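Participant: Quick one, what's the 3D model for this:
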Amino acid sequence: MNTAISTGRLSTLNTEYFNTSLLDNLTTAVVVIDSDLGLFHLNPSAESLLDTSNRHRHAIKVTELFRNPDELLHAIDTVQQSENTVIFRKVEFTLANGTPLVVDFSLAPIHEFGITYYL
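Facilitator: Residues are numbered from 1 along each chain as shown. Reported below is the predicted structural model:
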């Protein structure tokens, strides 16, 4: 049975439904954030790229990973308004540790059990 358990800002989906093992085996960095911008899941590629750990994900919001989260916030706002997947090219970020990144990324809304996530 597929269920969602809401624990404040954090939500847990049945792994049978939200198959994190599939995401974890991708070589592309995948980040799933919740509607409060909290980190819901990072695959190992995302952990490496963003210099963080999936174990610590519930303690921080995605914006805390970057010194300059404005472009990311703009991207999230765009997707929230349009409800469509949007692709962004050559976006410059600086990680919290000072490491510069230039990335292409897509952002897609996912609605499950009345909860919105962003992939």
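
Participant: Residue 47 versus residue 110, what's the distance?
Facilitator: 20 Å (Cβ to Cβ, to the nearest Å). (Each C-beta comes from the backbone N, C-alpha and C, glycine too.)

Participant: out of these two, which sits in the busier spot?
Facilitator: Applying other Cβ atoms under 10 Å to residue 110 and residue 47 shows that residue 47 carries more neighbours, namely 18 against 12.

Participant: Touching, residue 64 and residue 96? I think so.
Facilitator: Yes. The pair residue 64 / residue 96 is scored as a contact, 6.6 Å apart, by Cβ atoms under 8 Å.

Participant: just checking, next helix/strand downstream of the longest helix seen in the chain?
Facilitator: As assigned by DSSP state H, the longest helix anywhere in the chain is helix 70-82. Counting by DSSP states H and E, the next helix or strand C-terminal to helix 70-82 is strand 86-94.

Participant: what does that following strand contact?
Facilitator: 66-69, 71-72, 75, 78-79, 100-108 (Cβ atoms under 8 Å, 6 or more residues apart in numbering).

Participant: mean confidence score for that strand?
Facilitator: On average, the pLDDT along strand 86-94 is 93.

Participant: mind listing what it pairs with, with the direction of each?
Facilitator: Its sheet considered, strand 86-94 pairs with strand 100-107 (antiparallel) by DSSP bridges.

Participant: mind listing what residue 48 touches?
Facilitator: residue 29 are the contacts of residue 48 under Cβ under 8 Å, 6+ apart.

Participant: What helices and strands are in contact with the longest helix of the chain?
Facilitator: Applying 3 or more Cβ pairs under 8 Å, 6 or more residues apart in numbering; DSSP states H and E, we find helix 70-82 packed against strand 86-94, strand 100-107.

Participant: roughly how far is the shortest one from the heart of the chain?
Facilitator: Its chain's C-alpha centre and that of strand 100-107 lie 12 Å apart, by Cα atoms, centre = their mean, to the nearest Å.
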